[in-house]
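Participant: need a structure here:
(chains A, B and C)
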Amino acid sequence: MTATAPTLLEMGSITKTFPGVTALADVSLVVREGEIHAICGENGAGKSTLMKVLSGVHPYGSYTGDIVYRGEQVRFHDIRASEQAGIVIIHQELALVPGMSITENLFLGNEPRRRGSIDWKTAQRRALELMEQVGLREDPDTLIKDIGVGKQQLVEIAKAFAKDVKLLILDEPTAALNEDDSQHLLDLLRGFRERGITSIIISHKLNEIEAIADTITILRDGRTIESLDVQADGVNEDRIVRGMVGRALDSRFPDRTPDIGEVFFEVRDWTVRHPTSDERLVCKGSTFHVRRGEIVGFAGLMGAGRTELAMSLFGRSYGTWLSGRIFKDGEEIQLKTVADAIGHGLAYVSEDRKSIGLNLLDDIKTSMVAAKLSKIARRSVIDPVRENRIAEEYRQSLRIKTPGVDEGVVKLSGGNQQKVVLAKWMFTDPDLLILDEPTRGIDVGAKFEIYGIIQRLVAQGKGVVVISSELPELIGLCDRIYTVFEGTITGDVARDDADPELLMKQMTATKKSPTP
Amino acid sequence: MSRITDLQKNLFGGTTSNARQFGMISTLVAIVLLFQIWTDGLTLTSGNLIAVASQYSYILILAIGMLMVIVAGHIDLSVGSVAAFTGIVVAKAMQEYSLPWPLGILLGLLVGAAIGAWQGFWVAYIGIPAFIVTLAGMLLFRGGNQYIGNADTVPVPEGFRKIGAGFLPEVGPDTGYNNLTLLLGAAACAGMVWREWKARQTRREMKADVAPLWVMGVRLAVMLGVIIFATLRFAGGRIGTSLPISGIILIVLVLAYSYYTRNTIGGRHIYAVGGNARAAELSGVKLKRVNFFVMMNMSVLAALAGMIFVARSAASGPQDGLSWELDAIAAVFIGGAAVSGGLGTVSGSIVGGLVMALLNNGLQLEGVGSDLVQMIKGLVLLLAVAFDVYNKSQGRFSILGALMRPFRRDDDPSTPKTPPSPASDTDKAKVAG
Amino acid sequence: MRSLVIRSIAAVGAAALLTLGTACSNEREGSTASTDGKGFGKDALIGVALPAKTSENWVLAGDLFTNGLKEAGFKGDVQYAGASTTVADQQAQISSMVTKGAKVIVIGATDASQLSTQVSQAKEAGATVIAYDRLITNTKDVDYYIAYDNFKVGQLQGQALVDGMKAKKPKGPWTIELFSGSPDDNNSKVFFDGAMEVLKPLIDKGDIVVGSKQTDIKQTATQGWKAENAQQRMDSLLTSAYGGKKTLDGVLSPNDTLARAILTSVKGAGKPVPVVTGQDSEVESVKSIMAGQQYSTINKDTRKLVAETINMVKSLQKGDKPTINDTKSYDNGSKVVPSYLLPPVIVTKKNAAEAYANDPKLSPLTK
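Facilitator: Residues are numbered from 1 along each chain as shown, chains lettered A, B, ... in the order given. Sure, this is the predicted structure:
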């Protein structure tokens, strides 16, 4: 691949406005044949909008500017038209039907027919070919819901191949994947490059971009900032960040001097069964503790049982409790319902902000007070003045970017939504805050701020548990890290000992390291 | 244009999502005016308004309960059958066991509560979709009505008829109006002024932008005008008539339930459950209790509506409550509730119900056959919801803005010194993401 | 700008108040009950509220009223109840007629006992209420009742059933089934009682056997006069009481719609066609009679009934007392309603041509 490869796609002077908002202003993008082209930018920078313009989701006529693809001016009126031209976009939210098999999903809307009925034999054969191409080894009759997210992602890509893809666009493809699956996916993209397929990748994971991309285009506030040739320009993560936020971030974690107190929260022998499968244990005799003023990390691969552990502690919101005891400040406590858990000073910020963390119909202030309405009510009548005042306080202290607290949460960017969720749980005044993937899908600037919020909380003497799939985040943020593997806690690593290699070893092995 | 936007922002509630409400109210006003002209002024006569109030009060009572059910993400198909069942039980009890009528009303409410507990149990604690539970209830209680009543009509005593066909008594000096209705109207005016003042105070305490005084003046004048007009109409009917008792029951329920849904923890929980049940549960909301409550509440209101209808018809019959569920559901959706739950207001549903009621009434006054009336109602339902869906896909839309657009060009050059409005445009400024 | 807006709003407000003021003319007046002896304008509004369009007869009656009232110089307002919301619809329609100031309201009730509130309302507003075909019960505010003599209808049906069966099979005993109308229609019982007056003695003697032994009106009722309900009941009767070679000689059906439903059911079961009575002279049934299927119907010429009703309205308009021929039979629970009864005519294949000679729609069918 050289910089002299012919141009496959050229988008010039693209401008797209929504009522009251200019999403893209004079954006241009040049993609060469056979390269992996990364688009970087903070949330709201216009990456997704640009891809929607390209794929015809925003049809020709709703934007201004030119798209030249394979040397011809193109005008896509819908997504079908762009797909016919070989441009396939794979969205962050996968478009698969969980109750259908891999084969059925691969050919959904594109079924091979013979005399009017679906030719399942051909479909089966072609499915196997396509799965081979993306390195997916599964029975093609397996239902989508029975395979992991990583494999689902592969099915999506295979689906793109079924449509004879020339330009593959991946929007945050590794956001929901664990390290292994991410690595596999990146290798796959490299393989495609060798076969001459061009890819555009949108990602927040800058290390991945640095590792895989040939060219990087950076967007900020709906404008093209720069286009970098990775090899020629010697691009690294810091360089990308500078482009994205318009300045260099000195450090990715705010400074903090830990002030750690006594153990105040303890869990012993926590064992929980899977909600539907009788034999599966999602937590096996987990024992851990948290000190006041301490940030405790939980590291583990996807499906290791970290979320399950957290949710089962939080008022038994997940699975069936079998055994185990919880102690707070030396006394045993019973947390049978979420209300009990909140009452005893626990808070759980879900990894899935949109589907179980927030009511997307609510406005900001309603969301913020939702977990402890009694605090703003007198004889169960809500005091709107107090509600408003509290929301304003959080808006200012957490620096939530919004014109007002009456706005719907759905209009906020991911980072600001996450801040609203944090505010919601800070409002319950918890002693122990469990944060499940607190920075997933959030851009660099907002991540930094959220780390700051976490640090301020522990400085007030609260305990914080952080569950994360990003090891650098855990290592940078936490005072102590537990590793989890298949429902068992396999290690307890102090900050100074933590390095990615050690953690990864413990996250993948059952061998229990000595716990202090 | 700042004044127009000010007016638009503050005339009806002053918060977001009022475009929808504004649209509904304009539709209602348009329908009233249209028929007022078309029927040569018959629509707004005392007699007709009184008739409409007593004819549709029971559907509107159902709409209140249905709104809460739909906001919580359920549906109740059994309301008509529950109403009919309660009606026949109460009528039989009064006829055969000579139960005094006040106890009859109490019995009816208890029957409603028992049915509601039954349905709520299946929905909330066993987890069967409300659609199925209430479809079963629809058959169960319709059959129950025929089983108990032998498909016969059972008359109810005079005292009981008051709740459906009764009026306020004539007391005090002859003012040419029903004095008690006048008193109610005066109380309503006072309440409105107090509420407006209170709301202004609240907004000021919140440090939110308070509407300019003149906007509040206009708003208050419009509302007081409507109340005074309605009062005089209802008080000025034939001697012996007034605001119907059933209308008073309705108004009390509307006020109580609006307050409950907007201002209390319980009300918030219903919206939370409908908006995202799992998120609500993880915020400590007792899901089962909320679901049980909305289903039970619906049946109690259905029982009340059934009794009012029986009282109005002077007898309980086998056809009572037929397709009421559809009227109630239509009112709620015309009033802007979302099919998937989590959105909707009591006042919106009432406006939706009134749109249907006045449409029905106006067409009947015009002598349009019931076949056509049904077709028109069906189209109105479809258009109202389609309008809503269209609006959502187009982002915010303002009717007033659209109406005023033609005047904009004339307006702007003539007022070059108007400072740019801080209220309207910065609001729409870019929000990150 | 500000003053302009305020001024324009003030202007709009003033205009609104002005219209309100003029619109707020008081309607307060006492009850103007009893128009007897006073009469009213020759072009007054006459309201006619009829049940849902479930039978041809109501549709015909509606058309006849519309035209008849127009010819007589009145403004007619003819309304049908909706198919699924009958009672509530009719209540609303009567209220609307009162609002519009109808002087006479003719009501063909959907549910005869659930209209008392509206009837009183009409009465208080000064309208005269005529119960058409179905007596309105539980109210003293009904002024007149006009209908065919329904007890007589029942008697004729019973007699026709017996005659028909004798003609087919001279010697008894005959096996029959009984059907009656909707339990919420006051007339159902009257028809049934009339027929039973003829049939009961024969059943007691053993000349006639009711195959299913269902002789109580509660068992024989057909909810809502609906054909599907009659057909369903006949289906189950055939299954339960007429297995094997058992045959059915006759069925007492209160009207034509139900008679045809019963015939459909019997034919579906592959049984020979029994003698089936009817009523209303519906087109399909007259065809069926001429084809030798249904045995009889009753000619209650809707034209005559409507014409007599309009005559009644005319006398009321002049301030005269309308003609009444029965002042003691029809007690509605609150009072004995003065009634005008017309005599019904039984029609079989034999006398059909003669009976429908004057009917433009039916007479061609009899040739």
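Participant: show me the domain layout of chain C.
Facilitator: Domain assignment for chain C by automatic domain parsing gives C:45-142+C:302-342, C:150-300+C:350-354+C:361-366.
Participant: can I get those in CSV with mean neighbour count, distance to residue B:276 and mean pLDDT?
Facilitator: In short, each C-beta sits where N, CA and C put it, glycine included. As requested, these are arranged in CSV below (neighbours: other C-beta atoms under 10 Å in any protein chain shown; distance: least, C-beta to C-beta, whole Å; pLDDT from 0 to 100):
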stretch, mean neighbour count, distance to residue B:276, mean pLDDT
domain C:45-142+C:302-342, 21, 36, 89
domain C:150-300+C:350-354+C:361-366, 20, 45, 90
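Participant: so which residue of the stretch 251-400 of chain A comes closest to chain B?
Facilitator: Taking C-beta to the nearest C-beta, chain B has its nearest neighbour within the stretch 251-400 of chain A at residue A:359, 3.6 Å off.
Participant: surely that residue meets residue B:280?
Facilitator: Yes - Residue A:359 is within contact range of residue B:280, at 6.9 Å (criterion: C-beta atoms under 8 Å).
Participant: need the contact list for residue A:106.
Facilitator: Residue A:106 sits next to A:123, A:126, A:127, A:130, A:140, A:155, A:158, A:159, A:162 when contact means C-beta atoms under 8 Å, 6 or more residues apart in numbering or on different chains.
Participant: A helix includes the third one, no?
Facilitator: Yes - the assignment for residue A:127 by DSSP: H, G, I helix; E, B strand; the rest coil puts it in a helix.
Participant: what helix or strand is residue A:27 on?
Facilitator: strand A:21-32 (DSSP states H and E).
Participant: same deal with residue A:12?
Facilitator: Assessed by DSSP H and E, residue A:12 sits inside strand A:7-18.
Participant: hang on, the earlier thing: now tabulate the domains of chain C in TSV and tack on distance to residue A:148.
Facilitator: Shown next, in TSV, are these (distance: least, C-beta to C-beta, whole Å):
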stretch	distance to residue A:148
domain C:45-142+C:302-342	52
domain C:150-300+C:350-354+C:361-366	55
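Participant: wait, which of those domains is closest to residue B:129?
Facilitator: Residue B:129 lies closest to domain C:45-142+C:302-342 among the domains of chain C, at 24.6 Å (C-beta to C-beta).
Participant: quick one: end-to-end length of the closest one, please.
Facilitator: For domain C:45-142+C:302-342, the first-to-last residue distance is 26 Å (C-alpha to C-alpha, to the nearest Å).
Participant: stretch A:81-97 too?
Facilitator: For stretch A:81-97, the first and last residues are 23 Å from each other (C-alpha to C-alpha).
Participant: circling back: can you redo the domains of chain C as JSON lines with distance to chain B?
Facilitator: Listed next are the domains of chain C as JSON lines, based on distance: least, C-beta to the nearest C-beta, whole Å:
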{"stretch": "domain C:45-142+C:302-342", "distance to chain B": "4"}
{"stretch": "domain C:150-300+C:350-354+C:361-366", "distance to chain B": "5"}
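Participant: minimum distance to chain A: which of those has it?
Facilitator: Shortest distance between chain A and the domains of chain C, using C-beta to the nearest C-beta, is found for domain C:45-142+C:302-342: 33.7 Å.
Participant: before we move on, the earlier item: can you name every helix or strand that whichever helix or strand comes after the strand holding residue A:27 contacts?
Facilitator: Using DSSP H and E, the helix or strand that follows strand A:21-32 towards the C-terminus is strand A:36-40. Helices and strands touching strand A:36-40, by 3 or more C-beta pairs under 8 Å, 6 or more residues apart in numbering or on different chains; DSSP states H and E, are helix A:47-55, helix A:179-194, strand A:198-202, helix A:206-212, strand A:215-220, helix A:237-245.
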